[in-house]
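Q: got a predicted model here, sequence first, then my questions.
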Amino acid sequence: MGMTRSSTADEGGRGKERAMGEGELQLIQRTLQGDMSAWGEIVKRYKNAVFGIALGILNNPHDAEDATQDAFIRAYENLHRYDLTRKFSTWLFTITANLCKNKLRREKFFAPLRELGGRPANPHPSTNSHAPDPAVEVEREERAELVRQALAALDEKYRAPLVLRFYGDLDYKEIAEALGLPEGTVKTRIHRGKLALRAWLEAKGVKGYA
Amino acid sequence: MRERLGLPEVPERDRDRDRDDELARLVREGLARAVAREAERLVGLERRVLERLEQKRGPRDEGRAAGGLRPLERVRSALAFGPRPAWAVAAVTVAVGLGLFALGFWLGQRTAPVLPSEPRGVEFVLFHPTAKEVTLAISYPVAGKPEWHDIPLKKKPGGLWYISLELPPGTYEYGFKIDGQWWAYDPAADYLVLSADNTVNAVREVRATGSGARAGDQS
């Protein structure tokens, strides 16, 4: 069952699952019994992964931060509805994706009232990221930035399923549920999103796509 | 070409899968690095989340478990509008409609005036729920000479006053005395006439073949 495995808190990628974090089930149970500090520990474990999903979908760090906070609050408020047979991270990412989708919808509605152009992502790389080889690190950094740009350039309807698939490690059915779309539509959008991403990366000469 | 070089052919599907895996890896890496760049934003997020939850819970909810709802909240939650299966919405709508129809039918049965089932002659009916006494004043011939007679009406359920008279064919002027007040605008009348003393009288013509009975309604 889902509670026997869980994706890591700090990395939301495919194949990066590990056995459920020590005491995770206990943390959820303690939270259900009213222990707020247990929920604080859950937030600590999953905040990076949730923020990654939100950032991937919203493409705006400030909005992603808000969405991350909201996701943990909504998850807490609905924790009694959490099905223990589901993977906790999947449930949490579903809530996050829902919030992001609603946020984008609102943004679209109010866009004419706001000034054009979103806040740019922080252009300064973190100083605490360790890089054994500066040249390799620069190349990686450039490639990561290109992928981020490629994702940002995608329409939201392609971006959200791709992020949930590749970063959140959700399957088609879970993505369909999270975004309120038919499963067939999700497959189509992921396929088209992949084609668009590949085209972008090829055009930019990213290794393996040149 | 690979065959010419003696290398096994890599199926197109496998190449696609490899490229997908590479794409997924790039997306993960790209987003992970973007997250790392924004790491400062997440410092203290746990505290901010807990503070907001505390604010939302308020002092009265101390010790309440996550997502635990009070009875009133449970009802509100159950009634809250949200995505529901279309069939469920349709079923509820039909059920409510049928329920309202049944309620209306039952209330109608309970409150509708019921005409008395007495021997049918010429029926005089008046609807006046607040009257204390109602009399039918009717003129009919006695020994060939028309005379006025007062006949008390019987009070029936639903605010009705009623009497049925066996009258021979002829023309009858009449009116009602409602707590002593004259009233003759009976819609069941065949017509109205102005009498010699300037009062309005109702007229009922009784034919040989039918009773001419109809229900009257003052309101």
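A: Thanks, I have it.
Q: output the contacting helices and strands for the helix or strand harbouring residue A:55.
A: Under DSSP states H and E, the secondary-structure element containing residue A:55 is helix A:36-58. Other elements packing on helix A:36-58 under the criterion 3 or more C-beta pairs under 8 Å, 6 or more residues apart in numbering or on different chains; DSSP states H and E are helix A:24-32, helix A:61-77, helix A:88-110, helix A:156-166, helix B:12-37, helix B:45-57. Quick note: C-beta positions are derived from backbone N, CA and C, even for glycine.
Q: need the winner for burial among these.
A: With neighbours defined as mean count of other C-beta atoms under 10 Å in any protein chain shown, these peak in mean count at helix A:156-166, which reaches a mean of 25.
Q: send over it as PDB, restricted to the C-alpha atoms.
A: The C-alpha trace of helix A:156-166 is given here as PDB (Å, rounded to 0.1, in the frame of the first residue of the first chain):
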ATOM      1  CA  GLU A 156       0.300  26.100 -18.800                       C
ATOM      2  CA  LYS A 157      -2.000  23.300 -20.100                       C
ATOM      3  CA  TYR A 158       1.200  21.400 -21.200                       C
ATOM      4  CA  ARG A 159       3.400  22.600 -18.400                       C
ATOM      5  CA  ALA A 160       1.300  21.400 -15.400                       C
ATOM      6  CA  PRO A 161       1.000  17.700 -16.600                       C
ATOM      7  CA  LEU A 162       4.700  17.600 -17.500                       C
ATOM      8  CA  VAL A 163       5.800  18.900 -14.100                       C
ATOM      9  CA  LEU A 164       3.500  16.500 -12.300                       C
ATOM     10  CA  ARG A 165       4.700  13.600 -14.500                       C
ATOM     11  CA  PHE A 166       8.400  14.200 -14.500                       C
END
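Q: what does it contact?
A: Counting by C-beta atoms under 8 Å, 6 or more residues apart in numbering or on different chains, the neighbours of helix A:156-166 from elsewhere in the structure are A:13-14, A:53, A:56-57, A:59, A:93, A:97, A:100-101, A:104, A:151-152, A:154, A:170, A:172, A:174-175, A:178-179, A:181, A:186, A:189-190, A:192-194, A:196-197, B:23-24, B:27-28, B:31.
Q: what is the mean pLDDT for it?
A: Confidence over helix A:156-166, taken as the mean pLDDT, stands at 89.
Q: residue of chain A nearest chain B, please.
A: Closest residue of chain A to chain B, C-beta to the nearest C-beta: residue A:147 (3.1 Å).
Q: find the nearest non-adjacent residue to residue B:132, please.
A: Distance criterion C-beta to C-beta, 6 or more residues apart in numbering or on different chains; nearest residue to residue B:132, sequence neighbours excluded, is residue B:179 at 5.5 Å.
Q: contacting residues around that neighbour?
A: When contacts are counted by C-beta under 8 Å, 6+ apart, residue B:179 touches B:131, B:132, B:133, B:134.
Q: so where's chain B uncertain?
A: Within chain B, the ranges that satisfy pLDDT under 70 run B:1-18, B:58-85, B:111-120, B:209-219.
Q: what's the pLDDT at the residue of chain A closest to chain B?
A: For residue A:147, the pLDDT comes out at 80.
Q: and for the one 4 residues further on?
A: pLDDT, the model's per-residue confidence, is 84 for residue A:151.
Q: quick one: residues contacting the nearest residue to residue A:173 once chain neighbours are set aside.
A: The shortest distance from residue A:173 to any residue that is not its chain neighbour, by C-beta to C-beta, 6+ apart, is 5.8 Å, and that residue is residue A:183. Contacts of residue A:183 were listed using C-beta under 8 Å, 6+ apart, and they are A:172, A:173, A:176.
Q: how about the residues of chain B by chain A?
A: Proximity of chain B to chain A is confined to B:19-20, B:22-24, B:26-39, B:41-42, B:45-50, B:52-54, B:56, B:63-69 under the rule C-beta under 8 Å from any C-beta of the partner chain.
Q: which single residue of chain B ends up nearest chain A?
A: Using C-beta to the nearest C-beta, the closest approach of chain B to chain A is made by residue B:30 at 3.1 Å.
Q: tell me the secondary structure for residue B:175?
A: Of the three states, residue B:175 takes strand according to DSSP: H, G, I helix; E, B strand; the rest coil.
Q: neighbours of the closest residue to it other than its chain neighbours, how many?
A: Taking C-beta to C-beta, 6+ apart, and ignoring the residues beside it in sequence, residue B:175 has residue B:184 as its nearest neighbour in space, at 3.5 Å. Counted by other C-beta atoms under 10 Å in any protein chain shown, the residues lying close to residue B:184 total 19.
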